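# below are the sequence and a predicted model; questions follow.
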2 protein chains.
Amino acid sequence: MAVNSPLPLAGNLKPVAGLELGYAEAGIKKPGRKDLLIIKLPEGATVAGVFTTNRFCAAPVQLAKAHLASGKSIRALLINTGNANAGTGEAGLTNASATCTALAGLLGCDSQQILPFSTGVILEPLPVDRLIAGLPAAIANLKTDNWINAAEAIMTTDTQPKAASRIVTIGGKSVTLTGISKGAGMIKPNMATMLGYIACDAKVPQALLNDLVKHAADQSFNCITIDGDTSTNDSFMLIATGAGALEISDAKSAEYAALQEAVTDLAQELAQMIVRDGEGATKFITIKIEQGKSRDECRKIAYAIGHSPLVKTAFFASDPNLGRILAAIGYAGVDDLDVAKIDLYLDDVWVAKNGGRNPDYREEEGQRVMQQSEITVRVTLARGEAAATIWTCDLSHDYVSINADYRS
Amino acid sequence: MAVNSPLPLAGNLKPVAGLELGYAEAGIKKPGRKDLLIIKLPEGATVAGVFTTNRFCAAPVQLAKAHLASGKSIRALLINTGNANAGTGEAGLTNASATCTALAGLLGCDSQQILPFSTGVILEPLPVDRLIAGLPAAIANLKTDNWINAAEAIMTTDTQPKAASRIVTIGGKSVTLTGISKGAGMIKPNMATMLGYIACDAKVPQALLNDLVKHAADQSFNCITIDGDTSTNDSFMLIATGAGALEISDAKSAEYAALQEAVTDLAQELAQMIVRDGEGATKFITIKIEQGKSRDECRKIAYAIGHSPLVKTAFFASDPNLGRILAAIGYAGVDDLDVAKIDLYLDDVWVAKNGGRNPDYREEEGQRVMQQSEITVRVTLARGEAAATIWTCDLSHDYVSINADYRS
């Protein structure tokens, strides 16, 4: 069902030196589905992350933040699907902590060296016993070339696994980057997508990795929306195993800039995969707002368009009912916007000019673009130099079906 | 299709002394459908209104505001459906003005004494010639007991006309209030609904009527949402014909308070009718947020819940997947919210306690309430005395169908 998003092939996903992945079927989801993933890191690896801004942030998110802040070296990430462990109060924290302690015991490290992540239903107690019982099986199959299985293990309503790799040469040294992501609904990240993980084999000190992950999230997972719902569990983690040839030490170096570009590029591909596989998506929509006073106001307008159920259903229907886009621009909350200066383009078609219908616009042209599976909406505000781009999908019958039936 | 909203009966809609309504089939919508309405006011009537905050506010909205501001006495309201005359630039203003001039000529008044309103497709030129050609027929059937026809004449995707009446006794004098409204999508008014009109036969000076209409809108049309889209054409008008027995002169009088209550009560009924007939609605949801620091933060949280497609599809499915409500509370943008103090009730069922699942909550109880056609979500924040209530509906397959097919 995903829009122009080919299935990742196991052979195209490059192992990242030093990093192993192990999965299990722990019975948290329905029997026969992978629902547990361990990502094991080598000594000396660094990890940085960004997390949901939702005030109801889940117990594992709270714990992962605390463990990162402890300054101890992280040895493993522990991820379960089928249950979000969110809206679970004190008991949720106790449960998340118990899973970290159990894995730490099996790996011979401290529980603060484990980062926990959960995704699935909110407000239900985490089935701790089943999760812990699944750990030995996941440890038993830890392998460096398990990326495709890892991508499958973190799926919920996703229709396909999301994973991609890059091998880039930086400063004459080869760097491998591989990442996975998941998330098909409750997607309007405001820090990260539901779950995204990228590993590279460069050696990157903690402070620089913190900057890298923020920059990449800001240009990728924080630029997508499916339904405007910001999850309680969004997390995007960047791992540098340090087991490869490249070592970064200076944020002003050409090597840092090149690594930042490679990480951001991979994060964008993973984020776009989430949109392409958005619940019920039949169209992939890029929304570009240009000539704004600030990136913030451009993003406000882009999200107003991207969240409008009326705009999204028009895309689903391939109906060039494009006045709905103007209406969304108008209620985006940019108070001093002069609508008489606004132009609207649909791909190469100039639809609205100076806030009104372009006299040369012909409906057949709009119809032609609306029938494509990939469409760019471009709006120029004529009030500055700032710009923003977001990616979203349409709203179809299947979105309603998927979310009406999610737990059944 | 509307949720527990009986069809208004012509006989229950009381004429408002001094006010006449005339309609026509002008061919702006499909043939055979009423699409033109004139509301004619007697000498001495006062009119006040609130309008959309959308920056792309439609040409007729701009003109209606200007005509009201001119201070001339208003003699008629002219309303068409089938075309919003929005996103139409300068030509839109010229067209709206031409319709006012034409009606003013027929009624023997100045064009500034006419208030124009439009609703329908955005970004399409107003068919001025057909609209003007329909005016004589509408004038020919001007009658005081045409309220049910008037309610039908302003429908777009509405499945049924919306109208209600009150006869109240204030200060020993009888006052008649009758109102109509429309709007089934693009509904998250921020000033008023798409179109709402209430008339009463009291005599009310302009300044007091201005206050009355703001108070009523704030407690009614500004408390509903269907899809979060704020229309370009929202307008709510309050007319006092002055042809009845009651005369109001003092904002501090008991009579003023009683009239305010009657107007607000009628506006709430009309606003709720819009939600009950929301596009594809199968459930009527009341969202009450209590114990907040301010009404504003309570409204933020209420709208986050009311706009969440995930919450709305869960209601459609009668699925007590209530964690989605907590997630929406968490991303509502109230930054210092202490989620550990939050309780959540579904009608009489205590679902979440101190930010987590209530240990005594049983899913069967949640399931029982979710199957009802009318449900109240109540959230207590334990941080103050403020409260807010909004009304919304679920998100169903039919919402997608209606909006995918709107123009076809």
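Yep, it's here.
# please see if the helix or strand of chain A with the lowest mean pLDDT touches chain B.
Across the helices and strands of chain A, mean pLDDT, DSSP states H and E gives its lowest value to strand A:224-225, namely a mean of 80. No - counting by C-beta under 8 Å from any C-beta of the partner chain, chain B is not contacted by strand A:224-225; separation bottoms out at 11.0 Å. No exception for glycine: its C-beta is placed from N, CA and C like everyone else's.
# sheet partners, orientation included, of that strand?
strand A:386-393 (parallel) (DSSP bridges).
# the helix or strand just after the partner strand to strand A:386-393, inter-axis angle?
The first helix or strand that comes after strand A:386-393 along the chain, using DSSP states H and E, is helix A:397-404. Helix A:397-404 runs at 80 degrees relative to strand A:386-393, counting by axes from the mean of the first three to the mean of the last three C-alpha atoms, to 10 degrees.
# got the CA coordinates for helix A:397-404 in PDB?
Provided in PDB are the C-alpha atoms of helix A:397-404 (Å, rounded to 0.1, in the frame of the first residue of the first chain):
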ATOM      1  CA  HIS A 397     -11.200   5.500   3.700                       C
ATOM      2  CA  ASP A 398      -8.500   3.200   4.800                       C
ATOM      3  CA  TYR A 399      -7.200   5.700   7.400                       C
ATOM      4  CA  VAL A 400     -10.600   5.500   9.100                       C
ATOM      5  CA  SER A 401     -10.800   1.700   8.800                       C
ATOM      6  CA  ILE A 402      -7.300   1.100  10.200                       C
ATOM      7  CA  ASN A 403      -7.900   3.400  13.200                       C
ATOM      8  CA  ALA A 404     -11.400   2.100  13.800                       C
END
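# any part of that helix near chain B?
Yes - Helix A:397-404 reaches chain B (C-beta under 8 Å from any C-beta) through A:H397, A:Y399, A:V400, A:S401, A:N403, A:A404.
# for the residue of chain A positioned farthest from its centre, give me its contacts.
Of all residues in chain A, A:P359 has its C-alpha farthest from the mean position, at 40.3 Å, by C-alpha atoms, centre = their mean. Shown in contact with A:P359 (C-beta atoms under 8 Å, 6 or more residues apart in numbering or on different chains): A:K353.
# ok, A:V379 next?
A:I287, A:K288, A:I289, A:E290, A:I301, A:I305, A:I325, A:I329, A:I342, A:D343, A:L344, A:Y345.
# so which of those reach chain B?
A:I329.
# one step back: tell me the helix or strand right after the least confident helix or strand of chain A.
strand A:235-240.
# that next one packs against which elements?
strand A:46-51, strand A:195-200, helix A:206-218 (3 or more C-beta pairs under 8 Å, 6 or more residues apart in numbering or on different chains; DSSP states H and E).
# mind doing that once more with 10 Å?
strand A:46-51, helix A:59-69, strand A:76-83, strand A:114-121, strand A:173-182, strand A:195-200, helix A:206-218, helix A:254-276 (3 or more C-beta pairs under 10 Å, 6 or more residues apart in numbering or on different chains; DSSP states H and E).
# and the angle for the helix or strand harbouring A:V379 with strand A:386-393?
Here A:V379 sits within strand A:374-380, counting by DSSP H and E. Per the same axes, to 10 degrees, the angle that strand A:374-380 makes with strand A:386-393 is 150 degrees.
# tell me what angle strand A:374-380 forms with helix A:254-276.
110 degrees.
# any stretches of chain A with poor pLDDT?
For chain A, residues meeting the criterion pLDDT under 70 lie at A:1, A:184-193, A:228, A:405-408.
# quick check: closest non-adjacent residue to the residue in the stretch 201-350 of chain A positioned nearest to chain B.
Closest residue of the stretch 201-350 of chain A to chain B, C-beta to the nearest C-beta: A:G323 (2.4 Å). The shortest distance from A:G323 to any residue other than its chain neighbours is 2.4 Å, reached at B:I122 (C-beta to C-beta, 6 or more residues apart in numbering or on different chains).
# I figured that neighbour hits B:C57, correct?
No - B:I122 lies out of contact with B:C57 (C-beta atoms under 10 Å); the separation is 11.3 Å.
# and these two? which has more neighbours close in?
B:I122 (28 against 24; other C-beta atoms under 10 Å in any protein chain shown).
# which ones are touching that one?
Shown in contact with B:I122 (C-beta atoms under 10 Å, 6 or more residues apart in numbering or on different chains): A:310, A:321-327, A:330, A:357, B:56, B:58, B:83-88, B:186, B:231-233.
# so how far is B:T232 from it?
Distance from B:I122 to B:T232, counting by C-beta to C-beta, to the nearest Å: 6 Å.
# thanks a lot, catch you later.
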